[in-house]
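S.K.: Provided below for reference: sequence and predicted model.
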Amino acid sequence: MNDTFLKACRGEKTDYTPVWLMRQAGRYMKEYQEVRSKVDFLTLCKTPELAAKVTLQPIDILGVDAAILFSDILIAVEAMGMPLEFHDKKGPILGDPVRTKAGVDRLIIPDTEDSMPFVLDTIRILRRELKVPLIGFSGAPWTLATYIIEGGSSKNFLHTKKMMYQNPGLFEGLLEKITATVIEYLSAQIKAGAQAVQLFDSWAGILAPYDYEHIIFPHVRTAIKALKKFDVPVIYFVNDCAGLLKIVKKCGADVVGVDWRVDMAKAAKKLGKRVAIQGNLDPCVLFAPKEHIEERVQDILNKAESAKGHIFNLGHGILPETPVENAIAMVEAVHRLSRA
């Protein structure tokens, strides 16, 4: 087992900087497209043999140091009792958006083994086959709340913020239910064999720092604290995090993932020596000439040297149009340059 990724998460010395990519199993790879052409997205997520297959594809092709479970953050939301559909052009659509007390009361805290056994079966298959660590994941409470309330993606998150400001008691009750679900879901993933877990807070950056700190962040801390009873690294990825890092550093996670909008040296300085850092190449840099990709990799490696530990990653998910050969070149550059 190549445990370089796990060592970096813990801030231990490594021979080189480990690297993996958010959404590394996905549409930019022809091997994934071949599998996906035969089944719809939800069926792919819920068929352990297929989900394991596409999780494994990037490991040998890209040469990354960790695998991330192929699934979707809304799988757990569906298990809470919301109808879920995926449309190629519209993205996820959740039926019956939750905007009333009756809606919140209707949601359940699902038992993962009963309602999402396919996720755990996928993890068990992967642990038998992988030679790098496996990362499990969930959406963070706030990010899942936005989908539950909006019924899908949003430009201004009006319904979510209206509930937060107009009915704070109801909103708090919803967050408590989601947080309990996240804890149960990730705990089950760890028990099934996940060797690290990541919380995705994809929409944290649309919050004012005050609201993030006083309304949302306590639930992040609750979830992370509950997961720390397991001896696995916890990663908290915060998208559009530049204005939130002084708060985020107190989250209790082993690793904080940062997006590309913040300078890596500044992020490392703000986070201090308590946590390792993950990131943060702009995904669009992978469309540049390979010489430029290498320059940007070197820049991030240099700027992350002051961190407790560093896991190289993109600042968000890899884009579907990305040339695979450029992703491979980036991984090779990280390994080569960090060894030097």
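M.R.: Cool, got the structure.
S.K.: what distance separates the start and the end of stretch 262-275?
M.R.: End-to-end span of stretch 262-275 (CA to CA, to the nearest Å): 17 Å.
S.K.: Looking at that stretch now, give me its mean pLDDT.
M.R.: The average pLDDT within stretch 262-275 is 96.
S.K.: Can you give the contact residues for it?
M.R.: Defining contact as CB atoms under 8 Å, 6 or more residues apart in numbering, one finds that stretch 262-275 is touched by 241-242, 245-246, 248-249, 253-256, 258, 277, 279-280, 299-300, 303-304, 306-308. Yep, even glycine has a C-beta here, placed from its N, CA and C like the rest.
S.K.: again, but for stretch 5-17
M.R.: 4, 18, 20, 65-66, 132-133, 195-196, 233, 235, 254-255, 276, 301, 304, 308-312, 334-335, 338-339.
S.K.: if we can go back for a sec, tell me which entries of the contacts of stretch 262-275 lie within helices.
M.R.: Leu245, Lys246, Val248, Asp299, Ile300, Lys303 (DSSP state H).
S.K.: center of this protein - which residue?
M.R.: Phe200 (3.8 Å; CA atoms, centre = their mean).
S.K.: Would you confirm that that residue contacts Trp142?
M.R.: No. Here Phe200 does not reach Trp142: they are 10.5 Å apart, not a contact under CB atoms under 8 Å.
S.K.: Any buried residues in the helix or strand containing Glu34, and which?
M.R.: According to DSSP states H and E, Glu34 maps onto helix 30-36. Buried residues in helix 30-36, counted by 16 or more other CB atoms under 10 Å: Tyr32, Val35, Arg36.
S.K.: likewise stretch 10-30?
M.R.: Judged by neighbour count (16+ other CB under 10 Å), stretch 10-30 contains these buried residues: 11, 14, 16-26, 28-29.
S.K.: Would you mind identifying the next helix or strand past the host helix or strand of Tyr165?
M.R.: Per DSSP H and E: Tyr165 is located in helix 158-166. On the C-terminal side of helix 158-166, the nearest following helix or strand under DSSP H and E is helix 168-192.
S.K.: how far off helix 168-192 does the helix or strand following that next one point, in degrees?
M.R.: Moving toward the C-terminus from helix 168-192, the first helix or strand encountered (DSSP H and E) is strand 196-201. Orientation of strand 196-201 against helix 168-192 (axes from the mean of the first three to the mean of the last three CA atoms, to 10 degrees) gives an angle of 160 degrees.
S.K.: So which elements touch strand 196-201?
M.R.: Judged by 3 or more CB pairs under 8 Å, 6 or more residues apart in numbering; DSSP states H and E, strand 196-201 is in contact with helix 4-9, strand 134-139, helix 141-150, helix 168-192, helix 217-227, strand 234-238.
S.K.: quick one: which of those is nearest Phe41?
M.R.: Closest approach to Phe41 among those (CB to CB): helix 141-150, 15.3 Å.
S.K.: mind listing what's buried in the closest one?
M.R.: Pro141, Trp142, Thr143, Leu144, Ala145, Thr146, Tyr147, Ile148, Ile149, Glu150.
S.K.: Is it possible to get JSON lines of these that adds pLDDT and distance to Thr322?
M.R.: Supplementary listing: the buried residues of helix 141-150 in JSON lines, determined by pLDDT from 0 to 100; distance: CB to CB, whole Å:
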{"residue": "Pro141", "pLDDT": "98", "distance to Thr322": "30"}
{"residue": "Trp142", "pLDDT": "98", "distance to Thr322": "28"}
{"residue": "Thr143", "pLDDT": "98", "distance to Thr322": "23"}
{"residue": "Leu144", "pLDDT": "98", "distance to Thr322": "27"}
{"residue": "Ala145", "pLDDT": "98", "distance to Thr322": "30"}
{"residue": "Thr146", "pLDDT": "98", "distance to Thr322": "26"}
{"residue": "Tyr147", "pLDDT": "97", "distance to Thr322": "25"}
{"residue": "Ile148", "pLDDT": "98", "distance to Thr322": "30"}
{"residue": "Ile149", "pLDDT": "98", "distance to Thr322": "32"}
{"residue": "Glu150", "pLDDT": "97", "distance to Thr322": "28"}
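S.K.: Which single one of those residues is nearest to Phe157?
M.R.: Thr146 (5.6 Å).
S.K.: Spit out the contact partners of that closest one.
M.R.: Ser154, Phe157, Thr160, Trp203.
S.K.: Over to His310?
M.R.: Ala8, Thr17, Ala276, Ile277, Gln278, Leu301, Ala304.
S.K.: Farthest pair within those?
M.R.: Top of the distance list for those (CB to CB): Ala276 and Leu301, 14.1 Å.
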